[in-house]
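Enquirer: quick one: sequence plus predicted model below, questions after.
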Amino acid sequence: MNLGEGVQLVSFGLLTALMLGSALGVVLAQSVVYSAFLLGLTFTGMAGLYLLLNADFVAAAQILVYVGAVNVLILFGVMLVNKQMAFEKVPGLALRQATTGLVCAGLFGLLTTVALTTPWMLSTTTPAGDGAIVAIAQHLFSDFLLPFEVASVLLLMALIGAIVLARRDLLMDNSATGLSDDLELKLPERPKASLSSGGEP
Amino acid sequence: MQLEYFLTIAAALFCIGIFGLVTSRNAIRVLMSIELMLNAVNLNLMAFSNYLDPAGVRGQVFTVFVITIAAAEAAVGLAIVLSIYRNRDTIDMEQFNLLKW
């Protein structure tokens, strides 16, 4: 084992420990704010693993999109729905968690067995390395052109859909509906139950 | 440094994501668990791209697409959570029974 492989192995171990530890923290932490910050740490460790896999462009995209956009979005979500309220007790919760843990451990064992026993046809050609950006661009504009365009349309649809969903829609004339405010708030299944208590200019 | 290492930790991350998805009661944490699962899939794609198809980097192209979809999914998911929070005044997953019969 030469020096390069040693450095690679040590950094792989460190990144794996960082990533799996913070992923466990995301799931198990008490406060959801800690979960959000640990999620950013997980994404950063994942970008380091991408660098180990000779993919610098995707590592940069991971940092930009996940840490820069998705994580900040989730932090905004945490801030907007910050409700300090203990959840009500649900019977059988511990049993459910134990069952889920068991199923997840079984799934992990299954996936690991498949990964370890399958004879992978490893390629021996040298990786693209820095030329990966050019290769990705050529793929995106030749054989992946249709998915590329469809993805742009999907992003536009998600943009408009998120605005429409998150917009606060006020009922303009409350008296015309014939329902008083109390009765309206008592209808839990009303599809557009309005919180039209005013307050907005 | 072998392919199996990366596949194993991707499997571990995926299982952590499933556990969080099923057991957590905060809706925002459910979204975070979905992001973890998408990241595990990304790691699988990148590992296969590096070890089985190093010259033509199709796995990296797929990863870029998955990152795009994940960003769109996070935005729409958070909008849905905000909308439900405004209507139901809670983010407890146990009380989201709007689509139950």
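Expert: Cool, got the structure. Predicted model only: the values in this text are computed from it and were never measured.
Enquirer: so how far is residue A:101 from residue B:12?
Expert: With the distance defined as C-beta to C-beta, to the nearest Å, residue B:12 ends up 13 Å from residue A:101. Heads up, the C-betas are built off the backbone N, CA and C, glycines and all.
Enquirer: okay, those two: which has more neighbours?
Expert: Of the pair residue B:12 and residue A:101, residue B:12 is the one with more neighbours under other C-beta atoms under 10 Å in any protein chain shown, namely 20 against 14.
Enquirer: can you tell me the helix or strand for that one?
Expert: Secondary structure assigned from DSSP states H and E places residue B:12 in helix B:3-23.
Enquirer: which neighbouring elements make contact with that helix?
Expert: Of the remaining helices and strands, those touching helix B:3-23 by 3 or more C-beta pairs under 8 Å, 6 or more residues apart in numbering or on different chains; DSSP states H and E are helix A:3-28, helix A:93-117, helix B:27-51.
Enquirer: compute the inter-axis angle for the helix or strand just after the first one and helix B:3-23.
Expert: Yep, that's helix A:3-28 we're talking about. Downstream of helix A:3-28, the next assigned helix or strand under DSSP H and E is helix A:32-52. With axes from the mean of the first three to the mean of the last three C-alpha atoms, to 10 degrees as the criterion, the two stretches helix A:32-52 and helix B:3-23 enclose an angle of 160 degrees.
Enquirer: can you list the buried residues in the next helix or strand after helix A:32-52?
Expert: Tracing the chain C-terminally past helix A:32-52 and defining elements by DSSP H and E, one meets helix A:56-61 next. Of the residues in helix A:56-61, those scored as buried under the neighbour-count criterion (16 or more other C-beta atoms under 10 Å in any protein chain shown) are A:57-59, A:61.
Enquirer: quick one: the helix or strand that helix A:56-61 is followed by to chain centroid distance?
Expert: The first helix or strand that comes after helix A:56-61 along the chain, using DSSP H and E, is helix A:71-80. Taking C-alpha atoms, centre = their mean, to the nearest Å, one finds helix A:71-80 lying 12 Å from the centre of the chain it belongs to.
Enquirer: let me know the average pLDDT across helix A:71-80.
Expert: Helix A:71-80 comes out with an average pLDDT of 91.
Enquirer: please apply the same query to stretch A:24-36.
Expert: Per-residue scores along stretch A:24-36 average to 92.
Enquirer: in stretch A:16-30, which residues are buried?
Expert: With burial defined by 16+ other C-beta under 10 Å, the residues of stretch A:16-30 counted as buried are A:16, A:18-20, A:22-27, A:29.
Enquirer: would you format these as a markdown table with distance to residue B:52 included?
Expert: Converted to a markdown table, the buried residues of stretch A:16-30 look like this (distance: C-beta to C-beta, whole Å):
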| residue | distance to residue B:52 |
| --- | --- |
| A:16 | 21 |
| A:18 | 26 |
| A:19 | 22 |
| A:20 | 24 |
| A:22 | 28 |
| A:23 | 25 |
| A:24 | 29 |
| A:25 | 32 |
| A:26 | 30 |
| A:27 | 31 |
| A:29 | 36 |
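Enquirer: among those, which are in reach of chain B?
Expert: Applying C-beta under 8 Å from any C-beta of the partner chain to those, one finds that A:16, A:19-20, A:23-24, A:26-27 fall near chain B.
Enquirer: now those residues in a markdown table, with distance to residue A:80?
Expert: Converted to a markdown table, these look like this (distance: C-beta to C-beta, whole Å):
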| residue | distance to residue A:80 |
| --- | --- |
| A:16 | 34 |
| A:19 | 28 |
| A:20 | 30 |
| A:23 | 24 |
| A:24 | 26 |
| A:26 | 19 |
| A:27 | 22 |
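Enquirer: nearest to residue B:77 among those residues?
Expert: Minimum separation from residue B:77 among those (C-beta to C-beta) is found for residue A:26, which lies at 15.5 Å.
Enquirer: just for the chain, where's the confidence low?
Expert: Just so you know, I chose chain A. For chain A, applying pLDDT under 70 flags the ranges A:84-85, A:169-201.
Enquirer: I was thinking of chain B, sorry if that wasn't clear
Expert: Along chain B, segments meeting pLDDT under 70 span B:1, B:101.
Enquirer: name the stretch among the helices and strands packed on helix B:3-23 that sits most buried.
Expert: Of all these, helix B:27-51 has the most neighbours on average by mean count of other C-beta atoms under 10 Å in any protein chain shown, namely a mean of 23.
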